[in-house]
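Student: below are the sequence and a predicted model; questions follow.
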Amino acid sequence: MPELPEVETVRRGLARSIVGRRVESARLLRRDVLRTGGRAGPAALLAGGTIAAALRRGKHLAIEARDGRALGVHLGMTGQLLVTRPGARAGRNDHAHARWAFDDGTVLVFRDPRRFGGLWSYPSLDALRADRWADLGPDALRITAHELAVRLARGRRAVKAALLDQAVLAGVGNIYADEALFRAGVHPCREAGSLTRHELERLADSIRGVLREAIRAGGSTVRDYAGADGRPGRQQERNLVYGRGGQPCVRCERLLATGLVAQRRTVYCEACQRLPMSYPHTNASDSSARRERRVRRKAPECSSD
DNA sequence: CACCACCCCTGGACGC
DNA sequence: TGCGTCCAGGGGTGGT
């Protein structure tokens, strides 16, 4: 659920509310939510430490204590980090899996109904980076056309599948992949390695642009997402294709198409995001055409509804 | 190695 | 109202 803009909004909320605060007590309410076996107990949740920083890489969060300990947080699909300021009414508490109380009375809760998210405890930020962040590509907020070109080069999968791959670039999920491809005028099923230099420039610009716009709006709230202050985002109203299948394209008014790419619901405009004629067979080798047919028989890689 | 299918889990929307 | 079905923004893993 939360992609880069939503995670960045949460990070900023944490930076405002818990950085500089001391963890008076920390409790894990559901053991298996802490994914690092061995390190358990309050110390694994930074108890006794003072929060030095809240960091983000792609969709991953890290909370660092001044003594060096670090806690990785991933929100998965439905994870939330909710801050309750002293004296304020507590937010939702169902599916709360961990709770922190700070020296100024601030309370932080990690809740995650679907439990695709989790917590990872490390003795140092370096250890966290080496274990959890090592395989992440460059942060999508600062992706350049050149970095994108290098990482998409010769790739045969659909460009949308590549954008969702966190090793290619970190932070883009289903919503902003569709938004960035639409803004760049690139069809989601284009072979990743087939994009022209000009298309790569537009795509990199679109990725950075839509992510920045979404951060300004506090993220997209489709269902569960809320910032650390519990407030929903406003970007969902500004998204041009996500969630708008069957509605008119904002550019050409043709009805937006929906399909399935990389097992994800995909919305795009067939007029504004064109595929070359008889794609992909025009530029596919025999072996890839065979692979394409084999894939198509089981589950189409790129199918429209 | 690159890529894909499948799985993890709960809740909300929808149809009957 | 109640039940069944489908779907959802995430990633990890095992197989091809």
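Tutor: All right, it came through fine.

Student: from here on, contacts and neighbour counts on C-alpha atoms
Tutor: Noted.

Student: got the contact list for the residue nearest to A:Ile175 when sequence neighbours are not counted?
Tutor: Nearest residue to A:Ile175, sequence neighbours excluded (Cα to Cα, 6 or more residues apart in numbering): A:Tyr242, at 5.7 Å. Counting by Cα atoms under 8 Å, 6 or more residues apart in numbering, A:Tyr242 touches A:175-176, A:178-179, A:266-267.

Student: show the pLDDT at A:Arg291.
Tutor: If you check A:Arg291, the pLDDT there is 33.

Student: I should have written A:Arg154 there, sorry.
Tutor: 89.

Student: where does it sit: helix, strand or coil?
Tutor: Going by DSSP: H, G, I helix; E, B strand; the rest coil, the secondary structure assigned to A:Arg154 is coil.

Student: in helices, which of the contacts of A:Tyr242 fall?
Tutor: Among the contacts of A:Tyr242, the members found in helices (DSSP state H) are A:175-176, A:178-179.

Student: okay, these in JSON lines with distance to DNA strand B next?
Tutor: Below are the ones in helices among the contacts of A:Tyr242 laid out as JSON lines (distance: Cα to the nearest atom of the strand, whole Å):
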{"residue": "A:Ile175", "distance to DNA strand B": "17"}
{"residue": "A:Tyr176", "distance to DNA strand B": "18"}
{"residue": "A:Asp178", "distance to DNA strand B": "16"}
{"residue": "A:Glu179", "distance to DNA strand B": "20"}
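
Student: just checking: which of the residues you listed also lie near DNA strand C?
Tutor: Checking the ones in helices among the contacts of A:Tyr242 against DNA strand C by Cα under 7 Å from any atom of the strand, the ones in range are A:Ile175.

Student: export the ones in helices among the contacts of A:Tyr242 to CSV and tack on pLDDT?
Tutor: CSV is the format used below for the ones in helices among the contacts of A:Tyr242 (pLDDT from 0 to 100):
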residue, pLDDT
A:Ile175, 95
A:Tyr176, 96
A:Asp178, 96
A:Glu179, 96
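
Student: now do the strands in the stretch 201-305 of chain A.
Tutor: For the stretch 201-305 of chain A, the strands defined by DSSP state E, counting those that start in this stretch occupy A:257-261, A:264-268, A:302-304.

Student: just the ones you listed: most buried one?
Tutor: With neighbours defined as mean count of other Cα atoms under 10 Å, these peak in mean count at strand A:264-268, which reaches a mean of 23.

Student: now the angle from that strand to strand A:257-261?
Tutor: Taking axes from the mean of the first three to the mean of the last three Cα atoms, to 10 degrees, one finds that strand A:264-268 is oriented at 140 degrees with respect to strand A:257-261.

Student: mind telling me which residue of chain A is nearest DNA strand B?
Tutor: Here chain A gets closest to DNA strand B at one residue, A:Gly155, 3.4 Å apart by Cα to the nearest atom of the strand.

Student: can you name the residues that contact that residue?
Tutor: A:191-194.

Student: hmm, back to that, which one of the ones in helices among the contacts of A:Tyr242 has the most neighbours?
Tutor: A:Asp178 (27 neighbours; other Cα atoms under 10 Å).

Student: does that residue touch A:Val241 like I think?
Tutor: Yes - between A:Asp178 and A:Val241 there is a contact at 6.8 Å, judged by Cα atoms under 8 Å.

Student: common neighbours of these two, please.
Tutor: Common contacts of A:Asp178 and A:Val241 (Cα under 8 Å, 6+ apart): A:267-268.
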